[in-house]
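Student: Please work out how this folds:
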Amino acid sequence: MRKIKQLLACAVLAFSAAASALPVAAERTEWAAFFAQAPAVGTIAILDTRGGEEHVWVHNAARAQQRFSPASTFKIPHTLFALQAGAVRDEFEVIAWDGVQRGYPGWNQNQTLRSAMRYSTVWVFERFAEKIGHPQLAAWMRENGYGNAATTGEAPFWVEGDLAISALEQLVFLQKLYRNALPFDRAHQLLTKDVMVVEAGSDWIVRAKTGWSGSIGWWVGWVERPTGTVFFALNIDTPRRQDDLAKRQSIARQVLRAIQALPVAP
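Tutor: Numbering: from 1, shown residues only. This next block holds a predicted model:
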């Protein structure tokens, strides 16, 4: 019991340290309409660094501090960890498919790091986790303040297991990655960001990753603009399961357009 209390105390301190790395969050009550229209229950946290200043805005501030399974958003740090550990060499290395037919067609083929991110190919990252080892993964997560850094529970631990992170903690980690400020090789941080690109315009780039645990859906990342970068982390409940998944990006994009981080859709 004493050990459990000590672990809980460490987790609270780690969260407090991560949260203190951000300015105080301001509630944006007008964003509630985007969630109501979807409809969806959830939160979005925004870190806006445009103009040389930092502002944090949230919808549902209490939930923004609540930890959930990161699901496939964990592929962002996991990619970095795999590169650092040598579990994958670069974006060109072919990762051989094992021939097992899985539920998503994009998974049933050889992969590269880029395609594994694009298709969110779980078996590739399960293979990385096996090569790296859970003790090393946990150590790197603790070192970098990634949620509760847990590798326990059902496999994969980042979907079915005990790993959990809040929207605000996601912002802290993403900003460090953007700045190449994590304690990993700069080349590995640059490549991780390269395989995160999902969309670009003439003067903006979106680097992001979706995630879904079955009950919680995520979209996290950032928008790069000439005036600065806007980081975002959204999570919502998904009671209708796959029918709710489109709401992740739809809500986040409405918020990002409302603050002119993304151009208004034609």
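Student: Give the ranges of residues in the stretch 101-250 of the chain that sit below the confidence cut-off.
Tutor: Filtered on pLDDT under 70, the stretch 101-250 of the chain yields no residues whatsoever.
Student: Could I get the full set of helices for it?
Tutor: Assigned by DSSP state H, counting those that start in this stretch, the stretch 101-250 of the chain shows helices spanning 113-119, 122-132, 134-143, 167-178, 186-194, 246-258.
Student: Nearest residue to the middle of this protein?
Tutor: Centroid-nearest residue in the chain: T73, 3.5 Å away (criterion: C-alpha atoms, centre = their mean).
Student: thought it was touching I216?
Tutor: No. T73 is not in contact with I216 according to C-beta atoms under 8 Å; the separation is 10.2 Å. (Glycine included, C-beta is placed from N, CA and C.)
Student: Overlap of the contact sets of these two?
Tutor: Counting by C-beta atoms under 8 Å, 6 or more residues apart in numbering, no residue touches both T73 and I216.
Student: In CSV: the helices of the stretch 101-250 of the chain, plus mean neighbour count.
Tutor: Putting these into CSV (neighbours: other C-beta atoms under 10 Å) gives the following:
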stretch, mean neighbour count
helix 113-119, 20
helix 122-132, 18
helix 134-143, 16
helix 167-178, 24
helix 186-194, 17
helix 246-258, 19
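Student: ok, back up a step: which residues touch the residue nearest to the centre of the chain?
Tutor: Q170, K209, T210, G211, W218, V220.
Student: next one: R253
Tutor: R253 neighbours (C-beta under 8 Å, 6+ apart): L262, A265.
Student: Identify the residues contacting A38.
Tutor: Residues near A38 by C-beta under 8 Å, 6+ apart: I236, K247, S250, I251.
Student: which two from those end up farthest apart in space?
Tutor: Within these, two members stand farthest from each other by C-beta to C-beta: I236 and S250, at 10.1 Å.
Student: Can you report phi and psi for Q65?
Tutor: phi -90, psi -10 (degrees, to the nearest 10).
Student: Tell me how many other residues surround it.
Tutor: Per other C-beta atoms under 10 Å, the neighbour tally for Q65 reads 17.
Student: re the thing from before, tell me which of the helices of the stretch 101-250 of the chain lies nearest to G201.
Tutor: Of all these, helix 246-258 sits nearest to G201, with 12.4 Å by C-beta to C-beta.
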